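[1] pasting the sequence and the predicted coordinates here, then a few questions.
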Amino acid sequence: IPRYCNGIMLPSAVASSRGRIFSAAARSSASCAGSACAAQLQSAQQVPISIGGGVRWHSSSETKATNSSKSKCPITGTTGRDHSTLTASMESGASDAPSDHHPTLQNVPSMPIFGSFFSAVPLIGEKLSEYYGVPILKADNAYDHYPLMRQTYGDFYQICIPGQGKGPRGETVVLTDPHEMLKVLRNEGSHPRGGVEGLWPFQAWARSRGMTLAGTGDKSDVDGLGFFGRGDTWRRLRTFLQTDLLSPQAARGYVTGVAEAATVASSAAPLHASSGTLNDFLNHAAFDMFSAIFFGHSSRVADPNTPTDPEDAAFCSAAVNSLALMIEHLFDLRQGLLIKAGVETDLHKSFVKEMDIVHSIAKAKIERFIERYDRDELNDVEKASYLARAIERFRAEDSSVSAEEFKDICVLLLNASVDSTSTFIAWLVVHLSVNPEVQQKLYEEVKKNMEQEGGMLTAEMLTKKRSPYLHATMRESHRKTPVHPTTLTKSNSESPVTVHGLEFEAGSAWIHPL
């Protein structure tokens, strides 16, 4: 199992005696080297429980609670209510009636420039964190950080994150009650805050390369961050990007190509498992599947026995490396301070180098596709691809996207396609490895469906009706371990909001740990 995905250290997989790894074409046992996080998985002792015919894993805190009382949610601390019920009530427009008891807003200690991240202070950072009792956020404890902060400061506290929160101190409220968080979400307005707003290393690189979609960098201007902000430029470019991609109808049209790419990739799973290169396999498989969506054909880099373009493997490597380096930037507050002061650190130089590789390869692939489109050389599958449809929309008379913006959007989309998907799959493999009974039930469901399809992986067998346990397992894995542990960062941009009996002015920053 990969130790790092999205730059975050994952718990290493438990040895083959604890479970098996399943792929669409074959299952193989995998023995993986231990890491500093091995104890995290081994101590969790996750126990699957049934929810509406699906699956739900206890966290370590829930497992301990089961021995003495009802299971408690590791985030909200509530008992006797599962997340499926909670989700249903939220989707149905649950009441915002105040709770009988409101927690007191706690303030996490902070200091100028570094905010609440005392560990970023050179030389004495860890000593300061220990003195003030503030848990340290590191790459190897990212998924444990917010539960630890909750144990220390409760369900409702304010932390200072310079450059991310509100005002010069970066004031940010952490709120664990989902019903209270709904009040914030309902006051986002037409320009909601998104995760890309905090990706300053990516923004700095884009502006240094003259990308107009990156904006001016002026945060005082609602449109100053361009595509990475929440102004009109963000809305215009985001609307263009998500068309023909995120709607269920559009997604269904790509499933056949993705299934074919997965079939080819799966045949190489045993080889990668035995050679200890699962990390490369998952990254390459993710790119193969997204290439089927984006270009209408798979890159086929996951299977080393299949002829492929060497630049596709180089792209995957650079995309993964650049994202890992960006996460390192975000974990080290000193990087931002030094770069703002005009000091280009070695870390930032490495990030820029990888991003330049990503941009060069992706832009060349996109331009070659456009040339083939203009010469009418695309086959029927390629004509139905996301990129072909995007070209049609871009060249329409009413298109609001410039030629430069169009290519930059496509490059960003390709760059984001690798590590996010591979991280999702990596965590699913981890959970299945330590829950062999769940893995076996999932295997039996997929095997039965494939036998009915003559041994083929088809779009029909992947529907929720045909594969309910597959859908349940994927959703539960993502609930337990989302692709990135920084969770949900939002702002009540439209108007003031009252949360837990306290009124917060418009523009306040919020984090909801998932």
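    Arrived safely, thanks for sending.
[2] CA only for contacts and neighbour counts going forward, please
    Fine.
[3] Cys316 versus Asp309, what's the distance?
    Remark: distance between Asp309 and Cys316 (CA to CA, to the nearest Å) = 12 Å.
[4] and those two? which has more neighbours close in?
    Using other CA atoms under 10 Å as the criterion, Asp309 and Cys316 rank with Cys316 on top: 25 against 10.
[5] give the buried residues for the strand or helix carrying that one.
    Per DSSP states H and E: Cys316 is located in helix 310-331. In terms of neighbour count (16 or more other CA atoms under 10 Å), helix 310-331 has its buried residues at 312-313, 315-329, 331.
[6] likewise for stretch 358-373?
    Val358, His359, Ile361, Ala362, Lys363, Ile366, Phe369, Ile370, Tyr373.
[7] neighbours of the nearest residue to the fourth one once chain neighbours are set aside, how many?
    Using CA to CA, 6 or more residues apart in numbering and skipping the chain neighbours, the partner closest in space to Ala362 is Val411 (5.6 Å). Val411 has 20 neighbouring residues, counting by other CA under 10 Å.
[8] pretty sure Val411 is touching Ile357, no?
    No: applying CA atoms under 8 Å as the test, Val411 and Ile357 come out as separate, 11.3 Å apart.
[9] starting at the chain centroid, how far to stretch 110-122?
    26 Å (CA atoms, centre = their mean, to the nearest Å).
[10] report pLDDT for Asp221.
    As predicted, Asp221 sits at a pLDDT of 83.
[11] ok so it is a helix residue?
    No: counting by DSSP: H, G, I helix; E, B strand; the rest coil, one finds Asp221 to be coil, located in no helix.
[12] so which residues of the stretch 401-514 of the chain form strands?
    Secondary structure of the stretch 401-514 of the chain (DSSP state E, counting those that start in this stretch): strands at 488-491, 497-499, 502-504, 509-512.
[13] tell me what the second one is packed against?
    Using 3 or more CA pairs under 8 Å, 6 or more residues apart in numbering; DSSP states H and E, the elements in contact with strand 497-499 are helix 178-185, strand 502-504.
[14] and the shortest one, what does it pack onto?
    Helices and strands touching strand 502-504, by 3+ CA pairs under 8 Å, 6+ apart, are strand 497-499.
[15] can you list contacts of the strand it packs on?
    Glu180, Met181, Lys183, Val184, Asn187, Glu503, Phe504, Glu505, Ala506 (CA atoms under 8 Å, 6 or more residues apart in numbering).
[16] likewise stretch 159-179?
    75-76, 90, 94, 96, 107-110, 112-117, 155-158, 181, 198, 507-513.
[17] what bridges to the nearest residue to Thr489 once chain neighbours are set aside?
    The shortest distance from Thr489 to any residue other than its chain neighbours is 4.5 Å, reached at Ile511 (CA to CA, 6+ apart). Per DSSP bridges, the residues bridged to Ile511 are Val174, Thr489.
[18] returning to that earlier point: to His478, which of the strands of the stretch 401-514 of the chain lies closest?
    Between His478 and those, the tightest spacing by CA to CA is seen for strand 488-491, at 13.8 Å.
[19] and Pro436, how far is that from Ser467?
    18 Å.
[20] try Val483
    Using CA to CA, Val483 is found at 23 Å from Ser467.
[21] so for these two, which sits in the more crowded spot?
    Taking neighbours as other CA under 10 Å, Val483 and Ser467 compare with Val483 leading, 22 against 17.
[22] my guess is that one contacts Ile425, does it?
    No: using CA under 8 Å, Val483 is not in contact with Ile425, being 9.3 Å away.
[23] list the contacts of Arg334.
    So Arg334 contacts Ala120, Val121 (CA under 8 Å, 6+ apart).
[24] give me the pLDDT for it.
    Arg334 is assigned a predicted lDDT (pLDDT) of 81.
[25] do the same with Thr239
    Reported pLDDT for Thr239: 90.
[26] could you do the one 3 residues further on as well?
    Among the per-residue scores, Gln242 holds a pLDDT of 90.
[27] pLDDT score for Ser298?
    91.
[28] I'd like the numbering to begin with 40 instead of 1 from here.
    Got it, first residue is 40 now, which makes that one Ser337.
[29] that one: neighbouring residues, count only.
    24.
[30] could you look up the SS state of it?
    Ser337 - assigned by three-state DSSP - is coil.
[31] that one against His323, yeah?
    No: look at Ser337 against His323 with CA under 8 Å: they stay out of range, at 10.5 Å.
[32] what residues of the helix or strand hosting Arg274 count as buried?
    Assigned by DSSP H and E, Arg274 belongs to helix 271-281. By 16+ other CA under 10 Å, the buried positions in helix 271-281 come out as Thr272, Trp273, Arg274, Leu276, Phe279, Leu280.
[33] show me what secondary structure element comes after that helix.
    Once the chain leaves helix 271-281, the next helix or strand it forms, by DSSP H and E, is helix 287-305.
[34] need the CA coordinates for that next one. CSV is fine.
    Extracted C-alpha coordinates of helix 287-305, given in CSV (Å, rounded to 0.1, in the frame of the first residue of the first chain):
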residue,chain,number,x,y,z
PRO,A,287,-24.9,11.9,-13.7
GLN,A,288,-26.0,11.8,-17.3
ALA,A,289,-22.6,12.8,-18.6
ALA,A,290,-20.8,10.4,-16.2
ARG,A,291,-22.9,7.5,-17.4
GLY,A,292,-21.6,8.1,-20.9
TYR,A,293,-18.0,7.6,-19.9
VAL,A,294,-18.5,4.4,-17.8
THR,A,295,-17.8,2.0,-20.6
GLY,A,296,-14.5,3.5,-21.4
VAL,A,297,-13.5,3.6,-17.8
ALA,A,298,-14.5,0.0,-17.4
GLU,A,299,-12.3,-1.0,-20.3
ALA,A,300,-9.4,0.9,-18.9
ALA,A,301,-9.9,-0.8,-15.5
THR,A,302,-9.9,-4.2,-17.1
VAL,A,303,-6.5,-3.6,-18.7
ALA,A,304,-5.1,-2.1,-15.5
SER,A,305,-6.4,-4.9,-13.3
